Every structure is written in structure tokens, then in C-alpha cells.
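Participant: Here is the input, now give the coordinates:
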Amino acid sequence: MTIKHHELAGVDLNLLVALDALLTERSVTRAAGHVGIGQSAMSSSLARLRKLLGDELLTRAPEGMHLTPRAMALVEPVRAVLRQFQGIVLREDTFDPATMEHTFTIALPGSVESYLVPPLLALLRREAPGVRLTLRALDYGTVLSELDADLIDFGIGVITEGQAHHKLRALYRFGYLCLFNADLLGVPAPLSLDDYLRFPHIMTSMTGTDRGLVDVALAAIGRRRRLVATTPRFTTVAFHVQAAPVIATMIDELATSFAAQLGLTTSPVPVPLDEFTYSMIWHASYDNDPAHRWLRGVLVRLGREAMRENADAAP
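Facilitator: This next block holds a predicted model:
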């Protein structure tokens with residue numbers, strides 16, 4: 001497409017910044033605070049944008065401001081243009097993680113946080129002490145819309161696909177182990193299938209469902225287990241296992257770590273379970289952002305180290 005320089009010369013490109021803030025915040029007051037200008041100045045920008053684009057953009061409703069259909073269609077292209085422009089004007093050769101001041105918001109499950117965040121924090125303290133993390137629970141139903149709304153920088157979990165404007169990269173591959181208190185169960189490792197089914201189980205479930213991948217695998221061979229509890233908190237399961245004669249089936253790395261800390265026992269799961277992969281997903285418009293690209297590299301590096309350690313520890 002030919003760039004119409006003469007026509008664009010009459011447009012205040014600062015309006016793009018105001019438009020992105022208005023589309024993101026859906027409030028003149030919040031958009032003004034986001035940009036760092038007064039409310040009256042943002043109101044003036046909104047009026048100019050409405051005239052320029054021939055659309056109301058934001059309309060009032062009892063519960064607040066709503067985006068018009070035209071405004072909703074502008075969210076992605078406007079944000080993409082601003083990010084590309086930012087990559088041009090902010091010189092990448094001046095980027096230094098050691099002096100960077102930045103906050104990354106990451107949505108991830110508790111199991112991933114327990115395993116990933118400790119080494120990540122240690123690395124950040126060494127290499128980028130000005131970086132801060134805001135960690136949120138991953139909701140698989142909303143992670144894509146949260147990326148699109150710029151509410152999060154990354155989603156990390158068992159994510160297999162996004163939309164055309166999302167990027168996805170594998171980080172970790174995991175398997176499963178049983179975790180139990182051998183003294184309370186009175187059986188050693190490895191557990192037989194009969195022992196595995198003879199004792200009750202505790203399961204982690206973010207949704208409260210009492211049927212997981214173990215139950216699916218058991219059903220395939222005509223067997224079933226007995227659940228006595230479900231919990232959404234991965235980090236508490238080991239303490240339940242330590243205190244009661246129950247079995248938990250969990251990510252192998254977490255099981256190994258909990259066993260070492262609490263004097264528990266691990267065992268291979270006596271029913272076939274497929275390995276799974278944790279991936280990170282981000283918005284494609286951040287591809288050339290130097291800080292974002294740096295943290296992606298850090299996460300990939302930690303993933304490679306984790307998988308190398310897994311391979312070294314395998315029997």
C-alpha cells in the first residue's frame with residue numbers, strides 16, 4: 001500500500017497514543033492517567049478521534065463505557081502499530097538487562113510457579129535486579145483475550161494453540177510420579193497396580209472436577225481409583241500425603257522435590273500416562289520488544305536446563 005504522506009502530515013500522531021489508551025482503559029479518566037495528561041486533554045483527544053475516524057468509539061452505558069464495533073476492530077492494529085513504532089524509536093543497542101526497570105505479568109498454574117519461579121527469581125536477581133514479576137493464576141478460557149488486552153505478557157501452561165497474532169514456544173516436557181508416605185502405607189516403591197488402587201488418592205483440580213487423566217487411563221483398562229479429596233493447590237498436596245495414608249500422582253519434578261524435602265517416597269505410575277509439555281504464549285506484536293525478547297530467552301534457557309537435569313536424573 002502506498003503511504004499517503006501528504007494526508008498523514010495533517011494528522012497528529014499523538015492521537016494514536018491516546019486512542020490506544022482509550023481502547024485499553026475504556027475510560028477517559030483512566031486513559032488520561034495512563035498517558036500522563038489531564039482529563040480535559042484526553043476528552044479533547046477523544047473528540048478529535050471521533051471526528052477523524054467518523055465513529056463514537058466509546059459510548060456510555062449504565063455499567064460504564066463500551067467500545068463500538070469499529071473501536072473493537074481497531075484494538076489490535078493500533079496496538080501493533082504502536083509497538084512497532086516503539087521498537088524503532090527506542091534503540092535496541094542501548095538495551096541492558098542489568099539496568100532495565102520493568103514489570104512482567106505472567107499467568108501460570110500453581111504447579112508451574114512452584115517449579116519455574118524459584119530459579120527465575122534467582123536469575124533475575126543476578127542478571128536483571130530491576131525486573132519485577134506479577135504472577136497470576138492461568139485461566140485457559142481467558143488467556144488469549146488477556147494477551148490481546150495487554151493484561152498479561154505471557155501465559156505459561158499446557159497450551160497447544162493460539163490465534164494468528166499469538167506466538168507459542170515449548171518450554172518444558174514433564175512426566176508423572178506417585179508420591180506417598182511409605183511408612184503410613186506400609187508398602188515400598190515401586191507400587192504395583194493393585195497397591196496403587198488399594199489405597200485412596202488425593203487429586204489436584206483447578207475446576208473441582210473429580211476426574212483427571214489418571215482416571216481416563218484407568219478406565220481404558222477397566223479399572224478405577226478411589227478419591228478422598230481434591231484441591232486446587234498443588235503446594236499443599238505433599239503435606240496431605242505426609243500426614244495421611246493416601247497417594248498423589250503429580251508432575252515428576254514436583255514429586256521428587258517434595259519427597260526430598262518431606263521424607264516421602266516416589267514411584268513410577270503403574271498405568272501409562274503420556275508426557276506433556278508446558279509452553280509459553282505471547283502476543284506477536286511483542287516479538288521485537290527487547291525486554292520481552294530477553295525474558296523469552298531466559299525462559300527458554302531455564303527450560304533447556306530443566307530438561308537436561310531431567311535427562312541426567314533419569315535411571
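
Participant: contacts, neighbours, all on C-alpha from now
Facilitator: Will do.

Participant: And the lowest mean pLDDT element among the helices and strands of this protein?
Facilitator: In the chain, no helix or strand scores lower on mean pLDDT, DSSP states H and E than helix 5-8, which sits at a mean of 66.

Participant: What is the subsequent helix or strand relative to it?
Facilitator: helix 14-25 (DSSP states H and E).

Participant: any idea of the mean pLDDT in that next one?
Facilitator: If you average the pLDDT over helix 14-25, you get 87.

Participant: again, but for stretch 138-157
Facilitator: 92.

Participant: mind listing what's buried in that stretch?
Facilitator: Neighbour-count burial for stretch 138-157 flags 138, 143-144, 146-149, 152-157 (criterion: 16 or more other C-alpha atoms under 10 Å).

Participant: nearest to Ala80, of the residues you listed?
Facilitator: Comparing the buried residues of stretch 138-157 against Ala80 with C-alpha to C-alpha places Asp148 closest, at 10.4 Å.

Participant: show me the contacts for the closest one.
Facilitator: Taking C-alpha atoms under 8 Å, 6 or more residues apart in numbering as the criterion, Asp148 is in contact with Glu76, His283.

Participant: now Ala31
Facilitator: Counting by C-alpha under 8 Å, 6+ apart, Ala31 has contacts Ala18, Ala21, Leu22, Thr24, Glu25, Met42.

Participant: Let's see that with 10 Å instead.
Facilitator: Residues in contact with Ala31 (C-alpha atoms under 10 Å, 6 or more residues apart in numbering) are 17-25, 37-39, 42-43.

Participant: ok, and the most crowded of those residues?
Facilitator: Leu22 (27 neighbours; other C-alpha atoms under 10 Å).

Participant: Now Tyr278. Its backbone dihedrals?
Facilitator: As for Tyr278, its main-chain torsions (degrees, to the nearest 10) stand at phi -90, psi 130.

Participant: what about it, neighbour count?
Facilitator: Under the criterion other C-alpha under 10 Å, the count of neighbours that Tyr278 has is 18.

Participant: do Ala248 as well
Facilitator: 22.

Participant: Equivalent analysis for Phe239, please.
Facilitator: The local packing of Phe239 (other C-alpha under 10 Å) involves 12 other residues.

Participant: that's a strand at it, yeah?
Facilitator: No: counting by DSSP: H, G, I helix; E, B strand; the rest coil, Phe239 is not part of a strand but helix.

Participant: which ones are touching it?
Facilitator: Phe258, Leu262, Leu264.

Participant: Quick one: mean pLDDT for stretch 44-58?
Facilitator: 90.

Participant: May I see the buried residues of it?
Facilitator: Counting neighbours by 16+ other C-alpha under 10 Å, the buried set in stretch 44-58 is Ser45, Leu46, Leu49, Glu56, Leu57, Leu58.

Participant: got a list of contacts for it?
Facilitator: For stretch 44-58, the external contacting residues (C-alpha under 10 Å, 6+ apart) are 11-12, 14-19, 22-23, 26-28, 32, 39-43, 64-72, 74.

Participant: Mind giving me the PyMOL command for buried ones among the residues you listed?
Facilitator: A single PyMOL command selects the buried members of the contacts of stretch 44-58 (16+ other C-alpha under 10 Å):
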select buried, resi 15+16+18+19+22+23+26+27+28+32+39+42+43+66+67+71+74
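
Participant: For Arg60, which three-state class applies?
Facilitator: strand.

Participant: which residues does it bridge with?
Facilitator: Beta-bridge pairing of Arg60 under DSSP bridges involves Met65.
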